[in-house]
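Asker: Got a predicted structure here, sequence first:
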Amino acid sequence: MAFWIEVISQPFMREGEKFCYGEITIGDYSEKFEIPLSYWEIEDYQYQWKSAIKILLEKKGEVVLVKSVKKPEEEKCILWWMLRYQGEHDIRVHKEMVILDGEDFLLGKNHSNIYRRGDSEVKAIGPVINEWKVTIDELKEFLEGIKKS
């Protein structure tokens, strides 16, 4: 198996909004996705991905890799991949669409993870449809790979 996430295009404009494309690879699964750049820039997504994986490896809990975030006052939906430790060496990965209910989220630029404060709720929509497994070593290889690029 393998794990990789990256931006694969230059920014482009569509209907007055800036986007780029990204791609995630989890084992044999690969998905290209559209990344909105109205709130976060490319570097913000890349920083968030790298920092979240570092946090996961250090604290052995769960983190998210943000796929799509827009200004919270304009759209209360975030698309992300949830990564959660399962056992000693395995990480489970699945996609979620999350509706933010409440104003008390840290969604600012350069946050390494998305945190909940106070009584705000995170509501994942629908059941987990697809789930993949990666290993700690594969995530470490990803971090080493981005250091070289």
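Answerer: Alright, I've got the coordinates.
Asker: Partner strands of the biggest strand by length in the chain, with direction?
Answerer: What stands out as the longest strand in the chain, according to DSSP state E, is strand 90-101. Note on strand 90-101: by DSSP bridges, its sheet partners are strand 77-86 (antiparallel), strand 121-124 (antiparallel), strand 131-135 (antiparallel).
Asker: got those as JSON lines, with mean neighbour count columns?
Answerer: All C-beta atoms are positioned from the backbone trio N, CA, C, and that covers glycine. Below are those laid out as JSON lines (neighbours: other CB atoms under 10 Å):
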{"stretch": "strand 77-86", "mean neighbour count": "18"}
{"stretch": "strand 121-124", "mean neighbour count": "13"}
{"stretch": "strand 131-135", "mean neighbour count": "16"}
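Asker: out of the ones you listed, which comes closest to residue 39?
Answerer: The minimum distance between residue 39 and the strands paired with strand 90-101 falls on strand 77-86, with 10.4 Å, by CB to CB.
Asker: per-residue confidence averaged over the closest one?
Answerer: In this model, strand 77-86 has a mean pLDDT of 88.
Asker: So what touches that strand?
Answerer: 24, 33, 52-53, 56, 60-70, 91-100, 107, 114, 133-134 (CB atoms under 8 Å, 6 or more residues apart in numbering).
Asker: Of those residues, keep whichever come out buried.
Answerer: For the contacts of strand 77-86, a burial check counting by 16 or more other CB atoms under 10 Å picks out 24, 52-53, 56, 62-70, 91-96, 98, 100, 107, 114, 134.
Asker: Am I right that residue 72 is in a strand?
Answerer: No - Residue 72 is assigned coil when assessed by DSSP: H, G, I helix; E, B strand; the rest coil, not a strand.
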